[in-house]
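# quick one: sequence and predicted model below, then my questions.
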Amino acid sequence: MSDRKIPYAYVTGLSHSGSTLLAFLLNAHPELVSIGEAARVGEILPHRWSTRQDRCSCGKAFYYCEFWNRVLAGLAARGFGLREGDPFDAPDSRRAYGLRKWQAFTEAVLDVSGAGVFVDTSKVPGYVAPLRANPFLDLKVISLVRDGRGVVGSWLKRLPDARPEVVIETWISQENERSAALRSVDPERLLVVRYEDLCREPDRTLVNIFTHLLVEPAVDITAGYKSGVEHHVIGNQMRLTNDEAIVLDEKWRRDLDQRILDRFNLMGGDLNARNGYAG
Amino acid sequence: MQAEKIPYVFIMGLAHCGSTLLTFLVNAHPEIASVGEIERLRLFIPDSWSRKTDGCSCGRSFYACPFWNRALAGFAARGHGFDKIDYFNYTPPQKQIADEKLKAFVEAVLDVTGKRVFLDASKQPALIEPLFANPYLDVRVINLYRDARASINAWLKDLNPEASHLSARANRLENVLFRTFHAWRVIRSWRQKERERQAVLASLPVERVLSVKYETLAAAPRETMEKIFAFLGVEAGQGTVEGFKSSVEHHIIGNPMRISGQERIVVDESWRTEMQANTLHLFRLLGGERLNREMGYDND
């Protein structure tokens, strides 16, 4: 394993903030590679290998996907395997082991893809600290934010029986946890990206991200970003569709009734305004 | 997981006993898979991956070989990777991990090849005891042996090729002394390894062992292979002797014969012409003849 630090971009954000879309767009850049939510490989791959089921975003089952075969082979040849569970979850006594393992995994992906920067859209704020502490990685963070009403609207659709107050409460606590994790990040290494900007002006937003990650910014990738590039992204269902249109999802404006909006403004309006979303 | 035990065949023998040839012949059977000496994988795989060089017997580098990519991926998906230092660390605290690791590797290879019996040509007698103690494996042993004089001659060439060529330069005293000393060391090391092999052999349940002479294998490969297949409980008449290399896909770790195109099986008895009289004398003095006779060779 080389001693050069591996350029590593970590995307944090809440679920339903557009991270899978962002993973696809960034993976379409020739110097970047993203397998989506990297922290979930331990949960997904060993199980899929034994059952031979479940499709990778390339359309094949993970077991038959050449990319994943080569990545896992590279991981094994670097001395590590994937166990069911979390690749970051190494108890203290095995911390060095966990760090090396993560380095080996990242190296294997970069080796197979030929890209220079690894983009991880795991989103979980708790991983910012261990990634920052990993001496083998050169970490940059992208904070992906979305209007809290949009997030709450999406969550409510997934959980139709939940009380809106509980969902709003959850959003507030997760958003607070996220901003607490981001406070430890060197501001020079942090870039805030709004989901709404990404959808309205994808090209301009992507140029900002590419510049932040020090890769060639003048690459036009939005046209054919899915069909024109090989993707092996772990994320939500959009990874399996061919739809390439980038459309801003603001269905919350229609779906959330005034009572819920009032509750939201009362409980989380300040927090949302801090993220730049006026009431 | 109380699944059925995996049929696992181990070739036991000393270096240059013909194990790479036997591995190729066994791997040509549709029910048996072998990657050769798995104890040596650690010497090939991690390096090949970082340098992208080193040839698999299929002709590609290990890094570019689709078989190895799929087998290693299956290995990683079962939770294990190659440790460069001790791939099979059998010391007690690691024993359970080593057992699971070996099982994961064997499962991955059998999965990729679609075969059901695994053959390991690692050879070292010392590896057998932990294999029999591995709860996931149903182990059988092929005891492959060869005329001691042939082994010693090959080792002499292997360990110090210069020493055997020194004879070309006049019989100067220091050359003679050096050669004799070298031969003495090699014969002693052979004697120690041969005793170790016999001790392990004596400790094994007889119904689990099949002894095969290299000379018989090379002289009558078809018949010998049928005997081996019967011992392993795989279908008879399915082996391939002619074209055993070219007609079957092989990804085998072993000696350089794995990458040559040579397919003719001949008994290698080059020791008869190459071995010097004083080496043979030393062999006799050190009790080699007696040991060789115990193995069934009449020292003619």
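All right, it came through fine. Numbering: from 1, shown residues only, chains lettered A, B, ... in the order given.

# buried stuff in the helix or strand hosting residue A:272?
Here residue A:272, judged by DSSP states H and E, is contained in helix A:258-274. For helix A:258-274, a neighbour-count test (16 or more other CB atoms under 10 Å in any protein chain shown) marks A:260, A:261, A:263, A:264, A:265, A:267, A:268, A:269, A:271, A:272 as buried. All C-beta atoms are positioned from the backbone trio N, CA, C, and that covers glycine.

# make CSV from those and add pLDDT to it.
Compiled in CSV, those are given as follows (pLDDT from 0 to 100):
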residue, pLDDT
A:260, 94
A:261, 95
A:263, 95
A:264, 95
A:265, 95
A:267, 95
A:268, 93
A:269, 94
A:271, 95
A:272, 95
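
# pull the most distant pair out of those.
A:260 and A:271 (16.0 Å; CB to CB).

# the stretch 1-150 of chain A: helices as residue ranges?
Listed in chain order, the helices found in the stretch 1-150 of chain A under DSSP state H, counting those that start in this stretch are A:19-27, A:41-51, A:66-77, A:95-113, A:128-133, A:148-158.

# other residues contacting the second one?
Put plainly, it is helix A:41-51. Residues from elsewhere that reach helix A:41-51 (CB atoms under 8 Å, 6 or more residues apart in numbering or on different chains): A:35, A:54, A:61-63, A:68, A:72, A:82-87, A:105, A:234, B:73-74, B:77-79.

# average pLDDT for it?
Across helix A:41-51, pLDDT averages out at 84.

# how about that helix: buried residues?
A:41, A:42, A:43, A:44, A:45, A:46, A:48, A:49.

# identify, by residue count, the longest strand of chain B.
For chain B, the strand that runs over the most residues, judged by DSSP state E, is strand B:137-145.

# need the buried residues of helix A:258-274 in JSON lines (columns: distance to residue A:4).
Below are the buried residues of helix A:258-274 laid out as JSON lines (distance: CB to CB, whole Å):
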{"residue": "A:260", "distance to residue A:4": "50"}
{"residue": "A:261", "distance to residue A:4": "50"}
{"residue": "A:263", "distance to residue A:4": "51"}
{"residue": "A:264", "distance to residue A:4": "46"}
{"residue": "A:265", "distance to residue A:4": "49"}
{"residue": "A:267", "distance to residue A:4": "47"}
{"residue": "A:268", "distance to residue A:4": "43"}
{"residue": "A:269", "distance to residue A:4": "46"}
{"residue": "A:271", "distance to residue A:4": "40"}
{"residue": "A:272", "distance to residue A:4": "41"}
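
# need those in a markdown table (columns: distance to chain B).
Below are the buried residues of helix A:258-274 laid out as a markdown table (distance: CB to the nearest CB, whole Å):
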| residue | distance to chain B |
| --- | --- |
| A:260 | 44 |
| A:261 | 47 |
| A:263 | 46 |
| A:264 | 43 |
| A:265 | 48 |
| A:267 | 44 |
| A:268 | 42 |
| A:269 | 47 |
| A:271 | 41 |
| A:272 | 42 |
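
# lowest confidence element among the helices and strands of chain B?
Using mean pLDDT, DSSP states H and E, helix B:161-165 stands out as the lowest-scoring helix or strand of chain B, at a mean of 55.

# state the mean pLDDT of the helix or strand just after that one.
Counting by DSSP H and E, the element after helix B:161-165 in chain order, helix or strand, is helix B:173-203. What helix B:173-203 shows for mean pLDDT is 88.

# next one: stretch A:206-213
Regarding stretch A:206-213, the rounded mean pLDDT is 96.

# cool, stretch B:117-125 as well?
For stretch B:117-125, mean pLDDT is 94.

# run the chain-centre distance for it.
Distance, stretch centre to chain centre, for stretch B:117-125: 7 Å (CA atoms, centre = their mean, to the nearest Å).

# ditto for stretch B:233-246
19 Å.

# and the end-to-end length of that stretch?
For stretch B:233-246, the separation between the terminal residues is 25 Å (CA to CA, to the nearest Å).

# write out the residues of the stretch 51-200 of chain A neighbouring chain B.
By CB under 8 Å from any CB of the partner chain, the residues of the stretch 51-200 of chain A that approach chain B are A:66, A:68-84, A:104.

# same thing but at 7 Å, please
The stretch 51-200 of chain A has residues A:68-70, A:72-83 near chain B, with proximity defined as CB under 7 Å from any CB of the partner chain.

# quick one: the helices in chain B, in order.
Secondary structure of chain B (DSSP state H): helices located at B:19-27, B:41-51, B:66-77, B:92-113, B:128-132, B:148-159, B:161-165, B:173-203, B:214-219, B:221-232, B:271-274, B:277-285, B:288-294.

# okay, the ones you listed in TSV with mean neighbour count and distance to residue B:247 next?
Listed next are those as TSV, based on neighbours: other CB atoms under 10 Å in any protein chain shown; distance: least, CB to CB, whole Å:
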stretch	mean neighbour count	distance to residue B:247
helix B:19-27	25	11
helix B:41-51	19	25
helix B:66-77	26	16
helix B:92-113	18	16
helix B:128-132	17	30
helix B:148-159	21	28
helix B:161-165	13	34
helix B:173-203	16	33
helix B:214-219	18	19
helix B:221-232	17	15
helix B:271-274	13	31
helix B:277-285	16	40
helix B:288-294	16	36
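
# and of those, who's closest to residue A:242?
Comparing the helices of chain B by CB to CB, helix B:66-77 comes nearest, at 26.8 Å.

# so that closest one versus helix A:41-51, what angle?
120 degrees (axes from the mean of the first three to the mean of the last three CA atoms, to 10 degrees).

# now helix B:66-77, how far from the chain's geometric center?
With CA atoms, centre = their mean, you get 23 Å for helix B:66-77.

# list the residues that contact the residue nearest to the spatial centre of chain A.
By CA atoms, centre = their mean, chain A has its centre lying nearest to residue A:121, at 1.6 Å. Neighbouring residues of residue A:121 by CB atoms under 7 Å, 6 or more residues apart in numbering or on different chains: A:11, A:19, A:22, A:23, A:34, A:36, A:37, A:235.

# can I get these in TSV including pLDDT and neighbour count?
Below are the contacts of residue A:121 laid out as TSV (pLDDT from 0 to 100; neighbours: other CB atoms under 10 Å in any protein chain shown):
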residue	pLDDT	neighbour count
A:11	96	26
A:19	92	25
A:22	94	26
A:23	93	28
A:34	94	31
A:36	91	28
A:37	89	23
A:235	79	23
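
# could I get these as CSV with distance to residue A:188?
As requested, the contacts of residue A:121 are exported to CSV (distance: CB to CB, whole Å):
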residue, distance to residue A:188
A:11, 17
A:19, 23
A:22, 21
A:23, 24
A:34, 22
A:36, 26
A:37, 26
A:235, 28
